[in-house]
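Asker: Got a sequence here, can you build the structure:
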Amino acid sequence: MEKPPPSSAHDQPLDFFATALTILLCAIWGGAFIGIKISTIDMPPLGSGAARFALTSVVLLAWARYHRVPLRCRQADIGTLAVTVVLFFYINITAYVGTSWTTAGRATVFFYTQPIFLALLAPYFLPGDRLTPRKLYGLGLALIGIVALFFTKLSGQATSTLAGDLFVLSGALGSSFSGIATKHTAGRIHPVALICWQSWISWPLLGLMSWWLEAGRPFLFTNRAILAILYLGVISAAFGFVAFAWLLQRNSATRVTALTFLAPVFGVSYSWFFFGETFAPLQLLGVLGVCVGVYVVNSHGRKREKAMGAGS
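Answerer: The predicted structure is shown next:
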């Protein structure tokens, strides 16, 4: 991937390649929480995360060396890089620990509410991105969907998932801040270098936390755990995170994240296929409310776009 353009990329519609790549990432990330759930059957959550990002780090470092991607960044960018690293570390703690406390389907739905938070934060951090009545309407729909999911349980779910749901939801908030910070690295930090630094700093910290908090828990490299780690480390993280950072740096952040509403649809489908997780009608309405709300928040009508183009 060549050097990205300046961070002043504007609110232009995504082209076919960007749209297709984002949908592919949604399909990949819809399976990420399935992979996390499978890996934590045989490994403790934080230890599993450490193994995943150790693998991601090695793959990205090899890629960077082969393609001569510069990993150094200017002193002026160290602060922004540090923010992305801290957020990356926290987001993955919430993803692993939160998913172990809830179901894979619910974790996917709650995590991919991040475009809602981004829509609320973007007007303050990304120039030209306003909170319109259309976005407020979408936020209302998504909020109704979240409430419906919070106060209902998956069929056959004997224990409360509230703690896990809330923890994953906090990761979605952190992810929206991370998206804003990533947008500001455009033209200054290569996306491979960005994720490489995040992974290399995060995996030893996750390993230390696992050693401290998860001592005595089994850590088994079974076939299913290895396959899950390979999927999460190479496909979801090494490819998926770098591709998403590249998309954010080159396109409107809200337009890119708009399409991530598809990830919960993939995630719920995978959860049904792999774990037999089923949703009652009210829960399906909750998922639908989140997906439609997120889409409405980040979409614009054709007439509005033409009017804005005419007035510019």
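
Asker: right, and Lys183 touches Asn251 too?
Answerer: No. Counting by Cβ atoms under 8 Å, Lys183 stays clear of Asn251, with 9.5 Å between them. C-beta: built from backbone N, CA, C; applies to glycine.

Asker: Please list all residues in contact with the residue nearest to Ser48 when sequence neighbours are not counted.
Answerer: Excluding its sequence neighbours, the residue lying closest to Ser48 (Cβ to Cβ, 6 or more residues apart in numbering) is Ser39, at 4.3 Å. Residues near Ser39 by Cβ atoms under 8 Å, 6 or more residues apart in numbering: 48, 51-52, 225, 228-229, 232.

Asker: and the residues you listed as TSV, adding pLDDT?
Answerer: Formatted as TSV, these follow (pLDDT from 0 to 100):
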residue	pLDDT
Ser48	95
Ala51	96
Arg52	95
Ala225	95
Ala228	95
Ile229	96
Leu232	95
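
Asker: Among these, which lie within helices?
Answerer: Residues from the contacts of Ser39 lying in helices, with DSSP state H as the criterion: 48, 51-52, 225, 228-229.

Asker: quick one on the thing from earlier: mind listing what's buried in the helix or strand where the residue nearest to Ser48 lies?
Answerer: Under the criterion of DSSP states H and E, Ser39 resides in helix 32-42. For helix 32-42, a neighbour-count test (16 or more other Cβ atoms under 10 Å) marks 32-40, 42 as buried.

Asker: of these, closest to Trp246?
Answerer: For the buried residues of helix 32-42, the closest approach to Trp246 (Cβ to Cβ) belongs to Ala32, at 18.1 Å.

Asker: Give the closest residue to the closest one in space, chain neighbours not counted.
Answerer: Residue nearest to Ala32 in three dimensions, not counting chain neighbours: Ser236, with 4.5 Å by Cβ to Cβ, 6+ apart.

Asker: OK, contacts around that neighbour?
Answerer: Going by Cβ under 8 Å, 6+ apart, the list of residues near Ser236 reads 28-29, 31-32, 35.

Asker: was I right about Tyr295 contacting Thr257?
Answerer: No. Using Cβ under 8 Å as the test, Tyr295 is too far from Thr257 to be in contact (10.7 Å).

Asker: That concludes my questions; thank you for your assistance.
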